[in-house]
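Asks: let me see the structure of the following:
(chains A, B and C)
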Amino acid sequence: MHLNSFKKYEHLTSKKTFEQLFLKGKSIAVPPFRILWMHVPSAIQSTKYTPVHLGIAVPKKSFSKAVVRNKLKRRIREAYRKNKHEVYEVLKKRNLSVDVLIIYTAKQELPYDQIEQKMIVSLHKLIAVIQ
RNA sequence: AUACCGGGACACUCUAUCGCUCCGAUGCAAAUCGGAGAGGAAAGUCCGGACAACAGAGAGCAUCCUGUCCUGAUUUAGUUCAGGAUAUUCGCAGGCAAACUGCGAAGCAAGAGAGUGCCACAGAAACCAAACCGCCUGGCGAAUACCGCACAGGCAAGGGUGAAAUCGAGGGGUAAGAGCCCACGCUUUGUAUAAGUAAUUGUACAUUGAUGGUAAACCUCAGGAGUUGCAAUGCCAAAUAAUGGAAGGCUGCUCGUCUCUCUUCAAUGAGAAAGCCAUUGGUAGGCAGCAUAGAUAAAUGAUAGAGGCUAUCAGGAAACUGGUAGAACAGAAUCCGGCUUAUAGGCCCGGUAUGUUA
RNA sequence: CGGGAUGUAGCGCAGUCCGGUAGCGCACUCCCUUGGGGUGGGAGAGGUCGCAAGUUCAAAUCUUGUCAUCCCGA
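Replies: Numbers count the residues shown, from 1 in each chain, chains lettered A, B, ... in the order given. Modelled structure (predicted):
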């Protein structure tokens, strides 16, 4: 498995899990993000084990144009893809898997390098909370 | 030449690394290899069509939409679009003036000779007749031109009001006046004739002086549209004792989901619009629909380099060289056609203004 | 993707159906009342009715286009 890939089976795809995250998920605030996460029963023996399922959300109220929303989602996905390996190592050691939802809460459109910096910070925070 | 406005086609290019979606091949799998991968508007959802459901076929009411003529275009459908022509409207000039003439621009939502409604304020009067200030004749008052009148009649030229007051202006005519009459111009309707595929236009004769405006008021005429929409619809899984996709009771009904007729099915049947009462639990995933882009929290990206373009700074006489910054509007979700709106930059076409030269 | 509604004074709303004067409440300004303020009384200002084009003598109102905001439907 390549370390920097971000395939479809690593996405959050079910509408139900989104609702559960909003109801029961624990939240961390790292501006410009807000991160909701929760533990999921692990299945380390099965071949389709994935430590993290990730969803990305950009609210329509802050950015009414679809182009801007797509651009931000792509930037966040790119930043996550490059920096996810630390989280994966920690979770693999402890046999855990989590569902995570990243919500973009800022009202301005940020450039890529800022988003990447904040992504590193927030992933470190997430690791600390899980441990 | 410069600036601005409008329209049109184009919508930075290439390479490397790391990644994404779908399809195909190999493979137990992980994965590897190959191929395809966003616009002119994908947008707004303003129209139309395909496609699907409502059992099938036909007719009609209500409701809604469209409205000159010809030619052409398309998924061959439209009342859509494009081009041309014409009625008409607007502006400028001419003219004493006009419902006039010439030039230029715009260019269609039919009909105001079926009926109903409305036309504020002002004005005497707003559509069917009428007379405020007036003009004229007669009568009366001492009163045969001049002043007056709760008098009798004639007139609609002039004033004034208004968006609009029954053709314009000239001459004749008259007590005063009036298309009352005449010439000129315009105009209504009809006939004939010429041009044109046609709408329509010209000419001649007769006739009229409009039948005030408003149909983006009701309406009339001609024509068109059955309704709902891919969240349509069909199937599977899951759920449950089991059924259904919400179930139940009452009222009131229907036999299409507006009405009528016929056909088919059905009376121990089928349907589900309206009102009231009361209960609110489970599943809300997948496949088809669906595409030589194509998903279902929804792919088409990030970084680096090179070249071209624009702006600006520095150097230079110039060609140019170097640095910095920038590159619009905007992202497919069933598909197709039209319309509308957004759009950096240079290019092409047209118009307006200013300047220079000839 | 498909339906629907609303834009009028600083704020909340009438008026739009059926075209001629743009109004109500709170807020604002000035004056009176009070020793001063509040309350109360009186007077006044503030709008080209989201924007554009059209119909009409005349448009907030009718027609068309457009821009915002909001609400529904699995």
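
Asks: residue A:51: what's it in contact with?
Replies: Each residue near residue A:51 by C-beta atoms under 8 Å, 6 or more residues apart in numbering is listed here: A:87, A:88, A:91, A:92, A:96, A:97, A:98. Every residue, glycine included, has its C-beta placed from N, CA and C.

Asks: show me which pair in these is furthest apart.
Replies: Across these, the two members that end up farthest from each other (C-beta to C-beta) are A:92 and A:98, 12.1 Å apart.

Asks: circling back to that earlier point, what is the nearest of the contacts of residue A:51 to RNA strand B?
Replies: Of all these, the one with the least separation from RNA strand B (C-beta to the nearest atom of the strand) is residue A:88, at 13.4 Å.

Asks: look up the closest residue to the closest one, ignoring the ones flanking it.
Replies: residue A:51 (5.1 Å; C-beta to C-beta, 6 or more residues apart in numbering).

Asks: phi, psi of that neighbour?
Replies: Comment: the main-chain dihedrals of residue A:51 come out as phi -60, psi -40, following degrees, to the nearest 10.

Asks: helix/strand/coil for the residue nearest the centre of chain A?
Replies: The C-alpha lying nearest the average C-alpha coordinate of chain A belongs to residue A:54 (C-alpha atoms, centre = their mean; 4.3 Å). Using DSSP: H, G, I helix; E, B strand; the rest coil as the criterion, the local structure at residue A:54 reads strand.
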